[in-house]
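S.K.: this one's structure only:
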């Protein structure tokens with residue numbers, strides 16, 4: 001009997017690099033290795049490759065190439081956007097607005113800025129994880145300099161009303177940043193049509209390499225540098241460029257945005273069948289996030305009477321890779337701040353499971369998860385003192 005096929009359903013944590021992306025990168029580790037800051041031939045090859053990737057990213061976002069700055073990933077881009085705008089505009093005001101369900105790259109940066117004398121408002125969300133533009137409007141003061149709301153949530157998959165939120169910020173002449181790390185390749189983005197001033201992305205979330213990201217900065221945005229040193233990235237981001245990573249990012253974003261509708265159709269069909277199967281076969285299970293306004297491959301379900309980490313270990317024994325939430329906090333025993341913000345009780349949020357589907361998943365993968373997950377949930381529940389055979393003891397009304 002052969003080994004079980006590994007079923008990878010954690011694409012929100014990271015994705016495998018496409019073969020075409022790796023093939024595009026390899027020459028820049030070996031043949032075209034020149035430092036782009038030098039003036040000889042092989043250096044110019046590196047510079048040209050970076051320029052090509054910059055244009056690829058700009059086309060994908062509806063931006064201009066000179067508004068694209070390469071970074072090491074989403075966390076650096078988020079830090080740069082928040083710290084850079086905050087410090088550059090301190091004389092105008094010291095108030096920043098974000099939401100309670102942001103990635104920790106935003107939340108922890110906001111907490112740092114609070115220690116530096118800035119005031120931060122953390123907007124609430126509804127039971128689906130949506131930020132209300134009216135709540136944003138009420139929170140803006142004459143001291144507000146920046147609004148940062150994520151495009152799509154990494155845990156529950158909810159897609160925010162970005163254009164409406166950005167319009168509120170623009171009305172009050174406040175910069176608008178969005179962490180779009182989860183959105184690239186899943187939703188069409190046009191920074192001009194949507195009124196976005198700053199946008200963060202990371203290549204490894206859309207089948208590109210790890211260690212490569214982008215911060216889009218609209219022309220005219222007042223922002224300080226985060227990293228100081230050499231004159232790279234038009235004197236905005238010091239450090240010798242990660243040429244291969246940048247080339248891979250450019251290729252990956254070009255492929256990820258070539259046919260978003262076709263990609264979504266395939267992924268959503270698998271997701272819908274898996275989600276319906278789980279909710280039908282497992283009692284006391286609740287879908288988290290918006291039922292429709294969500295990423296095409298995201299399923300986040302809470303199961304009563306069990307603990308999520310145990311579920312992951314048993315799934316792993318069956319060769320199924322999943323998550324309880326953000327990969328950055330998967331080592332934590334704290335309940336998800338996202339689920340708590342939606343009003344989910346602590347005891348139920350501990351039993352959450354995130355399955356995020358991607359290009360490699362098949363109907364057979366869905367069948368396998370639907371075969372194994374109900375058995376795992378039942379075995380774990382039978383170990384729980386809160387669970388009884390009829391599933392009535394300890395039940396709670398969720399959302």
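M.R.: Thanks, I have the structure now. If you're wondering where the values come from, they're calculated on a predicted model, not measured in any experiment.
S.K.: okay, CA-based contacts and neighbour counts for the rest of this
M.R.: OK.
S.K.: Assumed residue 268 was part of a helix.
M.R.: Yes: with DSSP: H, G, I helix; E, B strand; the rest coil as the criterion, residue 268 is located in a helix.
S.K.: Residue 126 contacts residue 340, doesn't it?
M.R.: No: under the criterion of Cα atoms under 8 Å, residue 126 is not in contact with residue 340, lying 10.9 Å apart.
S.K.: So which of those two has more stuff around it?
M.R.: Of the pair residue 126 and residue 340, residue 340 is the one with more neighbours under other Cα atoms under 10 Å, namely 16 against 13.
S.K.: how is the protein carved up into domains?
M.R.: Per automatic domain parsing, the domain ranges recorded for the chain read 7-15+260-382, 19-256.
S.K.: Just send the ones you listed back as JSON lines, with mean pLDDT too.
M.R.: Below are these laid out as JSON lines (pLDDT from 0 to 100):
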{"stretch": "domain 7-15+260-382", "mean pLDDT": "93"}
{"stretch": "domain 19-256", "mean pLDDT": "97"}
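S.K.: Tell me which stretches of the stretch 101-250 of the chain form helices.
M.R.: 104-115, 133-139, 162-171, 191-194, 232-235, 243-256 (DSSP state H, counting those that start in this stretch).
S.K.: Name the stretch among those that sits most buried.
M.R.: Highest mean neighbour count among these (mean count of other Cα atoms under 10 Å): helix 243-256, with a mean of 26.
S.K.: Check which helices and strands that one sits against.
M.R.: helix 19-25, helix 41-61 (3 or more Cα pairs under 8 Å, 6 or more residues apart in numbering; DSSP states H and E).
S.K.: So the nearest residue to residue 71 once chain neighbours are set aside versus residue 184, what's the distance?
M.R.: Distances taken as Cα to Cα, 6 or more residues apart in numbering put residue 213 closest to residue 71, at 4.8 Å, once the chain neighbours are dropped. For residue 213, the distance to residue 184 equals 12 Å [Cα to Cα, to the nearest Å].
S.K.: ok, which stretches of the protein are strands?
M.R.: Counting by DSSP state E, the chain has these strands, from start to end: 7-8, 68-71, 95-99, 119-123, 144-148, 175-179, 198-202, 213-217, 285-287, 298-303, 320-321, 352-356.
S.K.: most packed of those?
M.R.: Comparing the strands of the chain by mean neighbour count (mean count of other Cα under 10 Å), strand 198-202 ranks first with a mean of 28.
S.K.: Adjacent strands (with direction) for that strand?
M.R.: As defined by DSSP bridges, the strand partners of strand 198-202 come to strand 175-179 (parallel), strand 213-217 (antiparallel).
S.K.: can I get the ones you listed in TSV with distance to residue 31?
M.R.: What follows is these, written out as TSV (distance: least, Cα to Cα, whole Å):
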stretch	distance to residue 31
strand 175-179	35
strand 213-217	23
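S.K.: Out of those strands, the one nearest residue 292 is which?
M.R.: strand 175-179 (20.5 Å; Cα to Cα).
S.K.: Hey, what's the angle from the closest one to strand 144-148? Just curious.
M.R.: 20 degrees (axes from the mean of the first three to the mean of the last three Cα atoms, to 10 degrees).
S.K.: So what's the residue count around residue 4?
M.R.: Residues within reach of residue 4, counting by other Cα under 10 Å, total 10.
S.K.: ok, it to residue 379 distance?
M.R.: 21 Å.
S.K.: repeat for residue 222
M.R.: 56 Å.
S.K.: Could you do residue 283 as well?
M.R.: With distances taken as Cα to Cα, residue 283 is found 13 Å from residue 379.
S.K.: Which residues lie in contact with the closest residue to residue 75 other than its chain neighbours in this structure?
M.R.: Excluding the flanking residues, the one nearest residue 75 by Cα to Cα, 6+ apart is residue 105, at 5.2 Å. By Cα atoms under 8 Å, 6 or more residues apart in numbering, residue 105 lies in contact with 74, 75, 78, 79.
S.K.: Kindly recompute the last result at 10 Å.
M.R.: Residue 105 makes contact with 74, 75, 76, 77, 78, 79, 82, 179, 328, according to Cα atoms under 10 Å, 6 or more residues apart in numbering.
S.K.: next one: residue 129
M.R.: 99-101, 152-153, 156-160, 288-290, 338-339, 341-343.
S.K.: Next, work out how far apart it and residue 154 are.
M.R.: From residue 129 to residue 154 the distance is 11 Å (Cα to Cα).
S.K.: Overlap in contacts, the two.
M.R.: Contacts common to residue 129 and residue 154, judged by Cα under 10 Å, 6+ apart, are 101, 338.
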